[in-house]
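Colleague: sequence unknown, structure follows:
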């Protein structure tokens, strides 16, 4: 006879189903009443088990719809400058894109600053949804100087990554990038693109990529669904000074 509390037994059975694939991602869990009947436990026990699964990131509640098995999180390393397709290929995931919009716009102050242009300068803006194995992961806004941007925009942006086009077709090698990541709430545009409620937690990444001679050529605002990705990096310890070691 199991000595586990009842809620842990329910949690364990459901977690095992998620792990072995019998409850695949996007599967809706049975309603509370069915779980109560299936496990012969109280409503409080079922709710405690579900809450634990939520805290473990295995399921999520979608208001007005029910409780669903989540997609496994994508782990992205912040160790080098790579594009979305390269990241997904490394993880064995199938990357696709859906182009929402491409147009010439006047650069606002933020865009102008990152591309080293005067505010109001015309630039090319691309808006895409990036998907991994068919699931929307990121809503990307890409800004390019008009001269190179119009060339890039003339390609099939649902099939060809911008980084590859810049480097392989337009002889614009990407050398390094400035990267800023912060927690944010999905605005209406990002929420609509990612099919999540407005205000949902996301990671907002601002990335400015530079070519030779420190020239910025690509500024991006990347809106990643917070529940689908984690970022990892490896940090080196700064060498200690003589004052830190107690020397003269």
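Modeller: Happy to help now that I have it. Predicted, not measured: the structure shown is a model, and the values here were computed from it.
Colleague: drop to CA atoms for contacts and neighbour counts, all remaining ones
Modeller: Noted.
Colleague: which residue is nearest the middle of this structure?
Modeller: Centroid-nearest residue in the chain: residue 224, 2.8 Å away (criterion: Cα atoms, centre = their mean).
Colleague: grab the nearest non-local neighbour of it.
Modeller: Of all residues not flanking residue 224 in the chain, residue 138 sits nearest, at 4.4 Å (Cα to Cα, 6 or more residues apart in numbering).
Colleague: and the helix or strand where the one you found lies, which strands flank it?
Modeller: Assigned by DSSP states H and E, residue 138 falls within strand 135-145. Strand 135-145 sits in its sheet next to strand 122-132 (antiparallel), strand 215-225 (antiparallel), going by DSSP bridges.
Colleague: quick one: contacts of the first one?
Modeller: Strand 122-132 is contacted by residues 84, 88, 93-107, 136-146, 149-150, 153, 193-194 when judged by Cα atoms under 8 Å, 6 or more residues apart in numbering.
Colleague: need the buried ones from those selected in PyMOL.
Modeller: What follows is the PyMOL syntax selecting those of these that are buried according to 16 or more other Cα atoms under 10 Å:
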select buried, resi 84+88+93+95+96+97+98+102+104+107+136+137+138+139+140+141+142+143+144+145+146+149+150+153+193+194
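Colleague: read off the pLDDT value for the residue nearest to the centre of the chain.
Modeller: With respect to pLDDT, residue 224 scores 94.
Colleague: contacting residues for it?
Modeller: Per Cα under 8 Å, 6+ apart, neighbours of residue 224: 137-139, 202-205.
Colleague: out of those residues, the closest to residue 120 would be?
Modeller: residue 205 (23.0 Å; Cα to Cα).
Colleague: this protein: strands as residue ranges?
Modeller: Remark: strands assigned in the chain by DSSP state E are 59-62, 66-69, 74-77, 95-106, 122-132, 135-145, 176-185, 201-211, 215-225, 229-232.
Colleague: residue 158: which of those is closest?
Modeller: Closest to residue 158 of those, according to Cα to Cα: strand 95-106, at 4.8 Å.
Colleague: in its sheet, what does the closest one sit against?
Modeller: Here strand 95-106 is paired, per DSSP bridges, with strand 122-132 (antiparallel).
Colleague: pull out the buried positions in the strand it pairs with.
Modeller: Buried, per 16+ other Cα under 10 Å, within strand 122-132: 122-132.
Colleague: the strand holding residue 138 to strand 201-211, inter-axis angle?
Modeller: Going by axes from the mean of the first three to the mean of the last three Cα atoms, to 10 degrees, strand 135-145 is angled at 40 degrees with respect to strand 201-211.
Colleague: select the longest helix from this structure.
Modeller: Taking DSSP state H as the criterion, the chain has its longest helix at helix 6-20.
Colleague: which elements pack onto that one?
Modeller: Secondary-structure packing of helix 6-20 (3 or more Cα pairs under 8 Å, 6 or more residues apart in numbering; DSSP states H and E): helix 43-55.
Colleague: skip the chain neighbours and tell me the closest residue to residue 87.
Modeller: Residue 87's closest residue in space is residue 76 (Cα to Cα, 6+ apart), at 7.0 Å.
Colleague: equivalent analysis for residue 191, please.
Modeller: residue 198 (5.1 Å).
Colleague: contacts only, for that neighbour.
Modeller: 185-188, 190-192.
Colleague: which two among those residues are spaced furthest apart?
Modeller: Among these, 185 and 192 lie farthest apart (Cα to Cα), at 12.7 Å.
Colleague: neighbour count winner among those two?
Modeller: Using other Cα atoms under 10 Å as the criterion, residue 185 and residue 192 rank with residue 185 on top: 18 against 13.
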